[in-house]
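>>> Below is the sequence, then the predicted model.
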Amino acid sequence: AMAHRLYTLVFPMNKQDGKVLLGMKKRGFGRDKFNGFGGKVEAKETIAEGAARELAEESELVAKSMKQCGLLLFYFENDPVAMEVHVFLVHEYEGTEAESDEMRPQWFDIHDLPFKLMWADDSLWWPYVLKGQKFVGQFWFKANQATIARQKLGAVESL
Ligand code: 6U4
Ligand code: NA
Ligand code: NA
């Protein structure tokens with residue numbers, strides 16, 4: 001099997017207002033796109049610990065509870081290492097969002113997300129998040145990181 005590298009992707013949600021916090025990524029992989037908060041899981045931590053750490057580093061929010069909602073696998077043309085991205089929702093947190101070196105946070109209506117400024121796969125799996133369904137997706141990207149050549153996506157009972 002292909003080598004995988006572990007990543008997290010965290011979306012703070014405010015259910016009462018119907019809002020989700022995204023960040024405009026200011027550097028590195030996915031620069032100039034809106035996305036959740038996250039990054040590489042470090043060797044010394046669990047995936048959930050990595051998710052909470054990245055959320056705090058990139059947004060200053062401290063998660064009080066997290067629920068995994070999805071699992072995404074990204075394969076890029078000419079890259080032998082797949083990205084295994086664990087997606088979490090945070091409904092309870094402490095603190096106030098603040099800009100970091102990596103992200104400029106902004107709240108969006110959950111029914112009006114800026115998909116044109118997000119990764120191409122996001123508009124495909126967000127409907128599962130909105131329906132409260134857990135999901136697994138696999139996306140094969142062309143080298144330009146914009147075109148999805150092939151995909152598999154569906155709801156799952158558990159992750
Ligand atoms: P450095 O710069 O080393 O601190 P780090 O924060 O560890 O980086 P980063 O930001 O490069 O990692 O991690 C990539 C982030 O982008 C993860 O949250 C996963 C997310 N991501 C990657 N491909 C994606 C895609 N196709 N769709 C998506 N999120 C993606 O929604
Ligand atoms: Na990151
Ligand atoms: Na980071």
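Received the coordinates, thanks. Ligands and ions are numbered 1, 2, ... in the order given.
>>> From now on I want contacts and neighbour counts done on CA atoms only, so please keep to that.
Fine.
>>> Which strand or helix spans the residue sitting nearest the centre point of the chain?
Most central in the chain under CA atoms, centre = their mean is Leu9, positioned 3.0 Å from the mean C-alpha point. Leu9 belongs to strand 3-14 when elements are defined using DSSP states H and E.
>>> Quick check: Gly137 touching Leu153?
Yes - with contact defined as CA atoms under 8 Å, Gly137 counts as touching Leu153 (4.2 Å).
>>> quick revisit: what residues of the strand holding Leu9 count as buried?
Residues of strand 3-14 classed as buried by neighbour count (16 or more other CA atoms under 10 Å): Leu6, Tyr7, Thr8, Leu9, Val10, Phe11, Pro12, Met13, Asn14.
>>> on that earlier part again, any residues in contact with both of Gly137 and Leu153?
Residues touching both Gly137 and Leu153 (CA atoms under 8 Å, 6 or more residues apart in numbering): Trp125.
>>> got a list of what Lys64 touches?
Contacts of Lys64 (CA under 8 Å, 6+ apart): Val90, Glu92, Tyr93, Glu94.
>>> To clarify, my last question referred to Leu22.
Counting by CA under 8 Å, 6+ apart, Leu22 makes contact with Phe11, Pro12, Phe34, Asn35, Gly36, Phe37, Pro105, Gln106, Trp107, Phe108.
>>> per-residue confidence at Lys64?
Confidence at Lys64, expressed as pLDDT, is 97.
>>> What strand or helix carries it?
Lys64 is part of strand 62-76 when elements are defined by DSSP H and E.
>>> Going C-terminal from that strand, what's the next secondary structure element?
Next helix or strand after strand 62-76 toward the C-terminus (DSSP H and E): strand 81-94.
>>> quick check: angle from that next one to strand 62-76?
For strand 81-94 against strand 62-76, the angle by axes from the mean of the first three to the mean of the last three CA atoms, to 10 degrees is 160 degrees.
>>> Can you list the buried residues in strand 81-94?
Ala82, Met83, Glu84, Val85, His86, Val87, Phe88, Leu89, Val90, His91.
>>> returning to what we had before: so which residues make contact with the strand holding Leu9?
Residues outside strand 3-14 that contact it (CA under 8 Å, 6+ apart) are 19-22, 36-41, 47, 50-51, 54-55, 80-93.
>>> List, out of the residues you listed, those positioned next to ligand 1.
Among the contacts of strand 3-14, the residues lying close to ligand 1 (CA under 6 Å from any ligand atom) are Phe37, Gly38, Gly39, Lys40, Val85.
>>> Many thanks, I have nothing further to ask.
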